[in-house]
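Student: Need a 3D model of the sequence below.
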Amino acid sequence: MEWLGRCARGEASACAELVARYGRLVGTIILRTLGRGEDVEDLSQEAFLRVFRFLPEFQGRARLSTWICTVAQRVAVDELRRRQRSVLIAPADEALDLPSADDVPAAAEQQQRDALVRAALQELPEKLRLPLLYASIDGLDYDTIAMMLALPVGTVKTHIFRGKQLLRERLAMLAPAESRS
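Tutor: Modelled structure (predicted):
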C-alpha cells in the first residue's frame, strides 16, 4: 500500500490509481442511495475530493474500501438531505439487454417483476432500504454496512430483516390481482 502514502501526499498517478480501484464502488454506492444516475459522476467526484482531503488522517482502523464507502455514503446522504424529496430506485442493471423473439414473453414478465420490486423498494423507509440494497444487491457484509451507516451491526441485521419482511408485504400488495388468485 505504498501507493496510498503517495496518494496522501497528492501524487497524481497514485490518486488516479485510487480512483481506478474504487471509482465503480463509489458510483454504485451513490447510485443505490440516490436511486438515479444523473448526479453520480458529480457526487463521485465530491466523494473522492473528500477522500483525498482526509486521506492523511486515515488511520487504518477499517479497511480502506470500507472507509471510502462510508465517505461515498455520506456524500450521497448529504445530497438527499439537500433535495428533501422522495427517492426513486434505479434498476439493478441499466444496460440494454434485448431478448430474442422466443424470450419476449419471459422478458416482459421479468420487466414487470423488476418494476414491481422497484416500486416496492421505493416505498420502504430509507433506514430499511439502504441496508437491504447494500446487502442484497451490492453484496456488502454487515460490518461494512454498519460502518458506512454508522450503526451497530445488530441494528443493520434488524433493518435488513425488517426491510425484507416489509418488501415481501409490499410486493404482495403490488402484485397483479391475477397472480394472487
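Student: Quick check: the gap between the closest residue to His159 other than its chain neighbours and Asp138.
Tutor: In space, and not counting its chain neighbours, His159 is closest to Pro131: 4.5 Å by CB to CB, 6 or more residues apart in numbering. Using the backbone N, CA and C atoms, a C-beta is placed for each residue, glycine as well. Separation of Pro131 from Asp138 (CB to CB, to the nearest Å) stands at 10 Å.
Student: quick one: low-confidence ranges for this protein?
Tutor: Low-confidence segments of the chain (pLDDT under 70): 1, 83-108, 110, 175-181.
Student: if we go to 90?
Tutor: Residues of the chain that meet the criterion pLDDT under 90 lie in 1-15, 17, 25, 28-41, 52-67, 69-71, 73-151, 164, 167-181.
Student: Quickly list the domain ranges of it.
Tutor: 2-83, 101-180 (automatic domain parsing).
Student: and those as a markdown table, adding mean neighbour count?
Tutor: Below are the domains of the chain laid out as a markdown table (neighbours: other CB atoms under 10 Å):
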| stretch | mean neighbour count |
| --- | --- |
| domain 2-83 | 16 |
| domain 101-180 | 15 |
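Student: where do the helices sit along the chain?
Tutor: 2-8, 12-34, 40-54, 64-83, 104-123, 126-136, 142-149, 153-174, 177-180 (DSSP state H).
Student: The third one vs helix 12-34, what angle?
Tutor: Angle between the axes of helix 40-54 and helix 12-34 is 130 degrees (criterion: axes from the mean of the first three to the mean of the last three CA atoms, to 10 degrees).
Student: Could you do the fifth one as well?
Tutor: Between the axes of helix 104-123 and helix 12-34, defined by the same axes, to 10 degrees, the angle is 90 degrees.
Student: One more: the fourth one?
Tutor: Between the axis of helix 64-83 and that of helix 12-34 there is an angle of 50 degrees, by the same axes, to 10 degrees.
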